[in-house]
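Enquirer: model this:
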Amino acid sequence: MSPSAWALPPEILMDVIEYLRPATTIHDHSEAWITPMRYTNWWTLEAANEEVPSNATPTHLIPPSAIPPQVGMDFIRLRAVSRDFYNMCTPFLYHEVNINGDYIQLRDVHLPVISKYGRFVRILRIVFPLPTVEEEEEKQDFIHLIHKILPLTPQVTSLHLYFPSESRAILTPTEHLQTLINCIPWESLESFGVYSRGIFHSVWPSWPSAMSNGILAALTEMPPRRRRALRRLDIANESIPEQVFDSIRSNFTTLESLTIRRSLRFDGKIWDNNNQRKWNPNLHLTCLQLIDCTSVYSAHVPRILHLFPSLKRLLISACGNWGDEIPPSREEGWSQRSDALHRRLPYLEEFLIEHMVKWEILAMGEISSRLVIATGLPLGDLVDAFKTDAEIFPGLRHLRLDKRFPHYTPTAGWEEDSIPTTVESQGVTAVEPIASAPAAIELPPIIPVPVGELEQICRDRGIELSRDAVHLAFSNL
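Expert: Modelled structure (predicted):
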């Protein structure tokens, strides 16, 4: 190794490499609400100079949403210092690969890069294209290249597959589906996600993809050894076959993170009498996210938490149905009872609630969390929930509201002009405020809230109040 590389201990060298390497993952556990086109390869320019044939044009190399070229240049310069640094940095350069559905880019950029560096890839996202009838041949070529690429990435630990909804795609032959299933490196996977692209662009239901349903069905056939290796599972599909969901909640009991978006739309509720026996406890689950699922009844959410005693993060967004029955109110003093939920389970670290009304907030108010993040709620419903039940959210220390919530302080008063009537989509460093929403979204009518009411409630309970939260999942429901 050259003197320049020996100058620092290996641990510090690795810290320098990690610091200089940009992280293209937008936010942990975010794939189910971040549109896949937000993910790009910051190394595209550098890889193109190294691998792409000379006849490839620049338009093939950089997608419109590419990260600016200056991002990651310090890391690329470090890699060019010497052969030793080149060898140390290369595995980190291709740690994450995002294939955005462009056949030409797949052929001219991704395939050459993965053919040489596929053993270094750990995170792989594949967006399958939305072809017309005239592009059917190109779609088949795209799938054939994916069949070549997957076996070249034997060490992938995180795989995310995005499929077009069937209403916008050409039906895929069964043999292609089976070949894709056989190519997936199940042995090495710790994180796996299956997504319908239509969900990221519309709140209206569409036909589920035969490809995504086929991949989900393959989960039920996984042997126990492979199931135990899987730590994170994301499903964002128009629906999920009932036998698949039954298998997930009864057999995948070593998952640490489970996210389901829109898929739970079966008859009945998640904790109905005929569903209770289908659940098995999971002592390892720390993150549960349920988004836009009509079968997730707010009054049932606290009932299932005893199955997950290690849970730290819970997200419930736009769930339930308009016809859901409003449960009866809890009696005063319920939080002091020995069988109260917070006396039987540890406090959550984060409880995120989005797009729900007053009775739903109250129904889940017995859940104990140190931090509650509330976004996209009808103005006044959160305040009314705290007024109706003074014991709501036991153990709460910090309440974070989104920026659109009215700023009513004891001195400033309530001013209608100070409240925005639209939410503009704008980038942030951690997550997109509204990942798949249009540029401007009309909000519900503004309803005045008495001055300082929420502030006074929080002061009385010793709760810190801030208004710096952003939407994580987006829904028009």
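
Enquirer: alpha carbons only for contacts and neighbour counts from here, please
Expert: OK.

Enquirer: could you export stretch 78-98 as CSV, CA atoms only?
Expert: Output in CSV follows, covering the C-alpha atoms of stretch 78-98 (Å, rounded to 0.1, in the frame of the first residue of the first chain):
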residue,chain,number,x,y,z
LEU,A,78,-10.2,10.5,-3.5
ARG,A,79,-10.6,7.3,-5.6
ALA,A,80,-8.2,8.8,-8.2
VAL,A,81,-5.4,9.5,-5.8
SER,A,82,-3.7,6.1,-6.1
ARG,A,83,-4.4,2.5,-7.0
ASP,A,84,-4.8,1.7,-3.3
PHE,A,85,-7.5,4.3,-2.8
TYR,A,86,-9.0,3.2,-6.1
ASN,A,87,-9.3,-0.3,-4.7
MET,A,88,-10.7,0.9,-1.3
CYS,A,89,-13.3,3.3,-2.8
THR,A,90,-14.6,1.2,-5.6
PRO,A,91,-16.8,-1.2,-3.5
PHE,A,92,-18.4,1.9,-1.9
LEU,A,93,-18.9,3.6,-5.3
TYR,A,94,-21.3,0.9,-6.5
HIS,A,95,-22.8,0.1,-3.2
GLU,A,96,-26.2,1.3,-4.5
VAL,A,97,-27.6,1.0,-8.0
ASN,A,98,-30.9,2.5,-9.3
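
Enquirer: can you give me phi and psi for Leu352?
Expert: phi -110, psi 120 (degrees, to the nearest 10).

Enquirer: Phe163 too?
Expert: phi -110, psi 150.

Enquirer: swap in Leu314?
Expert: Note on Leu314: its backbone torsions stand at phi -130, psi 130 [degrees, to the nearest 10].

Enquirer: that one contacts Glu354, doesn't it?
Expert: No. Using CA atoms under 8 Å, Leu314 makes no contact with Glu354, being 11.3 Å away.

Enquirer: quickly find the element holding Arg77.
Expert: Using DSSP states H and E, Arg77 sits within helix 73-79.

Enquirer: neighbouring contacts of that helix?
Expert: Under the contact criterion CA atoms under 8 Å, 6 or more residues apart in numbering, helix 73-79 has outside partners 17, 20-21, 46, 85-90.

Enquirer: swap in 7 Å and give it another go.
Expert: 20-21, 85-86, 89 (CA atoms under 7 Å, 6 or more residues apart in numbering).

Enquirer: which ones among those residues lie within strands?
Expert: Under the assignment DSSP state E, the contacts of helix 73-79 contribute nothing to strands.

Enquirer: I'd like those residues as CSV, with pLDDT and distance to Ile181 appended.
Expert: Output for the contacts of helix 73-79, formatted as CSV (pLDDT from 0 to 100; distance: CA to CA, whole Å):
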residue, pLDDT, distance to Ile181
Leu20, 78, 36
Arg21, 74, 32
Phe85, 80, 37
Tyr86, 82, 35
Cys89, 83, 32
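
Enquirer: nearest to Thr375 among those?
Expert: Distance to Thr375, by CA to CA, is smallest for Arg21 among the contacts of helix 73-79, at 32.2 Å.

Enquirer: buried subset of the contacts of helix 73-79 as a PyMOL selection?
Expert: To isolate the buried subset of these in PyMOL, counting by 16 or more other CA atoms under 10 Å, use the following:
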select buried, resi 20+21+85+86+89
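
Enquirer: nearest to His160, of the contacts of helix 73-79?
Expert: Nearest to His160 among those, with distances taken as CA to CA, is Arg21, at 21.4 Å.

Enquirer: how about the closest one, nearest residue that isn't a chain neighbour?
Expert: Phe75 (5.6 Å; CA to CA, 6 or more residues apart in numbering).

Enquirer: quick revisit: turn the contacts of helix 73-79 into CSV, columns for distance to Ser191.
Expert: Below are those laid out as CSV (distance: CA to CA, whole Å):
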residue, distance to Ser191
Leu20, 25
Arg21, 22
Phe85, 30
Tyr86, 29
Cys89, 24
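
Enquirer: over to Leu288: give its phi and psi.
Expert: The phi/psi pair for Leu288 (degrees, to the nearest 10) is phi -130, psi 120.

Enquirer: burial of it, as a residue count?
Expert: Using other CA atoms under 10 Å, Leu288 is surrounded by 21 other residues.

Enquirer: how close does it get to Gly333?
Expert: 29 Å (CA to CA, to the nearest Å).

Enquirer: now Gly101
Expert: Gly101 is 56 Å from Gly333, by CA to CA.

Enquirer: mind checking which of the two has more residues around it?
Expert: Shown here are Gly101 and Gly333; by other CA under 10 Å, Gly101 has more neighbours (19 against 10).

Enquirer: quick check: the more buried one is in a strand.
Expert: No. Using DSSP: H, G, I helix; E, B strand; the rest coil, the assignment for Gly101 is coil, not a strand.

Enquirer: just the strands from the stretch 151-300 of the chain, written as ranges.
Expert: In the stretch 151-300 of the chain, the strands defined using DSSP state E, counting those that start in this stretch lie at 158-163, 191-196, 232-236, 257-261, 287-291.
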